Each structure stands twice: as structure tokens, then as C-alpha cells.
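Asks: starting from these lines, generate the structure:
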Amino acid sequence: QLQLVESGGGLVQPGGSLRLSCAASGFTLDTYAIGWFRQAPGKEREGVSCISDTRVSTYYADSVKGRFTISRDNAKNTVYLQMNSLKPEDTAVYYCAAERINTAHTMCLMTDQRYWGQGTQVTVSS
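Replies: Reported below is the predicted structural model:
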């Protein structure tokens, strides 16, 4: 069965950090661009950060630049999103997605990627 599984979400205070993981099973991620997306209640899903298959290109939404870092470990078949200086407005369900596409920016603009995870809740609150 081909699937992506996110983990690492939780409740954190403003200014805190979390690291999300996106692990693939049933297929290898090394030929896929990977993206992190989030959806808050009442809002549309948005692309947060994406990375190309070769790690050459990365993309960050303006709202997370300088605070979030995306990385991938192809040997572990896993992609990570390090989130620092978290704000209440970062509260959302975070999803990872995979697609065979060349550039990170295009990946983050897409909505119909081939593979999606089930999501992990991130809540930033004092």
C-alpha cells in the first residue's frame, strides 16, 4: 500500500518549536518533490514549504520564511519540516504530499498531488 504518514504535531506555546516528519511506505521518495501544506478551520489549504526531488530548489510561503526549514533524508525515505518561533496563526492541520514535478514552487501551487498523508494537528497556544 502506497502511503504518506505525518507525525510530530502537537500543542506548543507561542515561540516554541516542533519538527514534523513525513514518512513514505510502499514507494521511495527520492524521485518525488515533497510539500507541506496546512489548512486552518474556515480557511483554504495553503502550500507552506516544498522541496524538489534533488533538493536543488526549496520554496517557503512568506508567512513562514525564516522560521520553517524543510529537509529530506532519502535514505530514511522521510521529509521533515522544522518549525521554529511558532505563532498562533500557524495553528492548522499539516499535510505532506508527493508528486513527480521538478520545482518546489510549482509543487506548492498544486492542489492535486498524487499522494497525500492523513494530516497532523499543530496547535500554537498559551
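
Asks: now do the buried residues in stretch 49-56.
Replies: Within stretch 49-56, the residues scored as buried using 16 or more other Cβ atoms under 10 Å are Ser49, Cys50, Ile51, Ser52, Asp53. Every residue, glycine included, has its C-beta placed from N, CA and C.

Asks: can you list these in a markdown table and add pLDDT?
Replies: What follows is those, written out as a markdown table (pLDDT from 0 to 100):
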| residue | pLDDT |
| --- | --- |
| Ser49 | 98 |
| Cys50 | 97 |
| Ile51 | 96 |
| Ser52 | 92 |
| Asp53 | 86 |
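
Asks: is the residue nearest to the spatial centre of the chain in a bridge, and if so with what?
Replies: Nearest residue to the geometric centre of the chain (Cα atoms, centre = their mean): Trp36, 2.1 Å. Assessed by DSSP bridges, Trp36 has beta-bridge partners Ser49, Cys96.

Asks: now the strands: where do they sit in this structure?
Replies: Using DSSP state E, the strands of the chain run over residues 3-7, 10-12, 18-25, 33-39, 46-51, 58-60, 68-73, 78-83, 92-99, 115-116, 120-124.

Asks: now those strands as TSV including distance to Cys108?
Replies: TSV is the format used below for the strands of the chain (distance: least, Cβ to Cβ, whole Å):
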stretch	distance to Cys108
strand 3-7	16
strand 10-12	23
strand 18-25	14
strand 33-39	5
strand 46-51	3
strand 58-60	5
strand 68-73	10
strand 78-83	12
strand 92-99	9
strand 115-116	14
strand 120-124	18
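
Asks: OK, contacts around Tyr95?
Replies: Contact analysis of Tyr95 by Cβ atoms under 8 Å, 6 or more residues apart in numbering lists Glu6, Trp36, Phe37, Arg38, Gln39, Arg45, Trp116, Gly117, Gln118, Gly119, Thr120.

Asks: state the distance from the third one to Gln13.
Replies: Here Phe37 is placed at a distance of 24 Å from Gln13 (Cβ to Cβ, to the nearest Å).
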